[in-house]
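> Pasting a predicted model and its sequence here:
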Amino acid sequence: MTPLRKLQELIQAEFRHPVPAHVGRWHLVGGWLLFLVALQILSGILLMIYYRPSPDEAYESVRYVMNDVRLGWLVRGMHYWGAHLLIVVLLLHLVRVYFFTAYRERELNWAIGLLLFLGVGAFAFTGMLLPWDQQAYWNADAVRNALEHVPMVGKIILELLWGGHELETGALLRFYIFHVGLLPWLLGMLIAAHLYLVNRQGLYTPSPFQGEGQGEGQSPASSRTYYDMLLEGLFLALVTFGGLLTLAVLFTPTLGESIDLLRPSPVQVSWYFWPVVGLFRLVSVELGVWLVGLGFVGLFLVPLLRVRWMALGLGALAVLGVLVLTVLGYLTQGGPR
């Protein structure tokens with residue numbers, strides 16, 4: 001028997017193994033995220049071929065992709081809608097892990113997952129300015145104004161991203177470097193560490209309605225095999241690709257007007273920033289930024305909540321609060337973007 005044949009039989013034998021009964025379709029969310037990340041990387045590389053990160057060429061290069069490059073508008077649409085879906089699925093994964101208390105005895109992996117969440121947010125933020133159109137410029141300028149009033153850390157962030165206290169032309173290159181040069185490497189290392197810990201520690205997904213003693217290692221094998229899960233994952237990936245393709249065709253993201261410094265545009269941020277906009281409507285910008293920061297610190301301390309009902313109660317209140325702020329942010333902007 002050839003080595004290739006041995007490897008083939010080994011893989012087939014692994015796929016024929018039954019999965020534990022507590023491993024359900026919720027576990028496909030992690031693979032779903034990996035597929036979306038791969039899709040973003042591929043579409044981003046294709047866009048990088050034509051993008052020029054300079055104030056004189058950025059806007060025209062995006063317009064060239066949209067109008068002259070064969071299927072360029074489709075690739076940009078896939079990248080745009082893929083980013084939105086990635087954030088949705090990541091939020092779904094975070095909420096699932098929290099309410100199923102899957103972070104128990106996996107505190108380090110929970111922290112890495114939160115860093116991944118922040119990294120995806122940084123991708124969305126840095127990618128916001130890259131079209132270099134009127135809306136992107138003034139949205140970024142509004143963020144600059146907010147950070148300028150934050151004590152201590154605000155000036156550090158402005159120096160790092162903007163290179164100063166004004167949104168000058170050098171900021172575009174900095175955003176581009178972070179978006180395609182630094183963040184992908186950081187995110188890749190975090191994903192590798194996250195997957196390594198999942199493989200080493202195994203899965204822990206008790207139901208919210210199970211007792212405290214039920215969980216990992218106590219579920220019998222189900223009738224489903226890993227081959228079945230692979231087929232389900234491939235079907236989910238196919239449906240996702242088709243859905244993004246449909247959105248890119250029917251709702252192609254448009255490119256706004258070129259930047260006019262004498263005519264500021266009203267701020268219209270994407271839906272995932274609506275909770276922050278809603279919070280800024282209730283409190284001052286300085287206090288709002290600190291509250292957001294404290295909220296993320298609280299997420300890192302979640303594994304310290306040993307009482308199950310308290311963790312679930314606080315989580316439900318947090319989700320309700322975010323939904324209320326999202327609605328408030330939506331109303332503040334007068335509708336969706």
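Great, that's in hand.

> what about the helices in the protein?
With DSSP state H, the ranges of helices along the chain come out as 3-15, 28-48, 58-67, 72-99, 107-128, 134-148, 153-157, 170-177, 183-201, 226-250, 274-282, 285-300, 308-333.

> got those helices as CSV, with mean pLDDT, mean neighbour count and distance to residue 266 columns?
Where you see a C-beta, it was placed from the backbone N, CA and C, and this is true even at glycine. What follows is these, written out as CSV (pLDDT from 0 to 100; neighbours: other C-beta atoms under 10 Å; distance: least, C-beta to C-beta, whole Å):
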stretch, mean pLDDT, mean neighbour count, distance to residue 266
helix 3-15, 63, 10, 54
helix 28-48, 92, 18, 27
helix 58-67, 93, 18, 20
helix 72-99, 93, 19, 21
helix 107-128, 91, 18, 15
helix 134-148, 82, 19, 8
helix 153-157, 75, 14, 23
helix 170-177, 87, 18, 21
helix 183-201, 88, 14, 28
helix 226-250, 87, 14, 25
helix 274-282, 89, 19, 12
helix 285-300, 86, 14, 17
helix 308-333, 87, 14, 8
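
> Select, out of the ones you listed, the one closest to residue 261.
In terms of C-beta to C-beta, the element of the helices of the chain nearest to residue 261 is helix 134-148, at 8.2 Å.

> Check which helices and strands the closest one sits against.
The contact analysis (3 or more C-beta pairs under 8 Å, 6 or more residues apart in numbering; DSSP states H and E) places helix 134-148 against helix 107-128, helix 153-157, helix 285-300.

> tell me the angle of that helix relative to helix 285-300?
Between the axes of helix 134-148 and helix 285-300, defined by axes from the mean of the first three to the mean of the last three C-alpha atoms, to 10 degrees, the angle is 90 degrees.

> what does helix 134-148 contact?
The contact list for helix 134-148, computed with C-beta atoms under 8 Å, 6 or more residues apart in numbering, reads 125, 128-130, 154-155, 157-158, 162, 165-167, 171, 175, 256-260, 263-269, 280, 285, 289.

> again with stretch 40-53
Outside stretch 40-53, the residues touching it (C-beta under 8 Å, 6+ apart) are 58, 60-62, 64-65, 69, 72, 75-76, 78-79, 82-83, 86, 130, 172-173, 176-177, 180, 184.

> Quick check: residue 179 touching residue 125?
No - counting by C-beta atoms under 8 Å, residue 179 stays clear of residue 125, with 9.0 Å between them.

> on that earlier part again, got CSV for the helices and strands packed on helix 134-148, with distance to residue 38 too?
Below are the helices and strands packed on helix 134-148 laid out as CSV (distance: least, C-beta to C-beta, whole Å):
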stretch, distance to residue 38
helix 107-128, 14
helix 153-157, 30
helix 285-300, 26
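
> Figure out which of those is closest to residue 245.
helix 107-128 (20.3 Å).

> how distant is that closest one from the center of its chain?
7 Å (C-alpha atoms, centre = their mean, to the nearest Å).

> who does that helix touch, helix- and strand-wise?
Contacts defined by 3+ C-beta pairs under 8 Å, 6+ apart place helix 107-128 against helix 72-99, helix 134-148, helix 170-177, helix 183-201, helix 285-300.

> Now do the longest one against helix 226-250: the angle between them, please.
Orientation check (the same axes, to 10 degrees): helix 72-99 against helix 226-250 gives 130 degrees.

> what do you get for the last one?
Using the same axes, to 10 degrees, the direction of helix 285-300 lies 160 degrees away from that of helix 226-250.

> Run through who's touching helix 285-300.
110-111, 114, 118, 146-147, 149-151, 154, 276, 279-280, 282-283, 318.

> In those residues, find the pair that's most separated.
110 and 149 (31.9 Å).

> of all the helices and strands packed on helix 134-148, which lies closest to residue 192?
Distance to residue 192, taken as C-beta to C-beta, is lowest for helix 107-128 among these, at 9.9 Å.

> domain parsing for the protein?
Using automatic domain parsing, the domain parsing of the chain gives 21-134+170-216+224-255, 269-337.

> can you put those domains in a markdown table and add distance to residue 140?
Listed next are the domains of the chain as a markdown table, based on distance: least, C-beta to C-beta, whole Å:
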| stretch | distance to residue 140 |
| --- | --- |
| domain 21-134+170-216+224-255 | 5 |
| domain 269-337 | 10 |
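
> Quickly note the distance from the residue nearest to residue 53 when sequence neighbours are not counted to residue 277.
In this structure, residue 53 finds its nearest non-sequential neighbour in residue 176, 3.8 Å apart by C-beta to C-beta, 6 or more residues apart in numbering. Counting by C-beta to C-beta, to the nearest Å, the gap from residue 176 to residue 277 is 25 Å.
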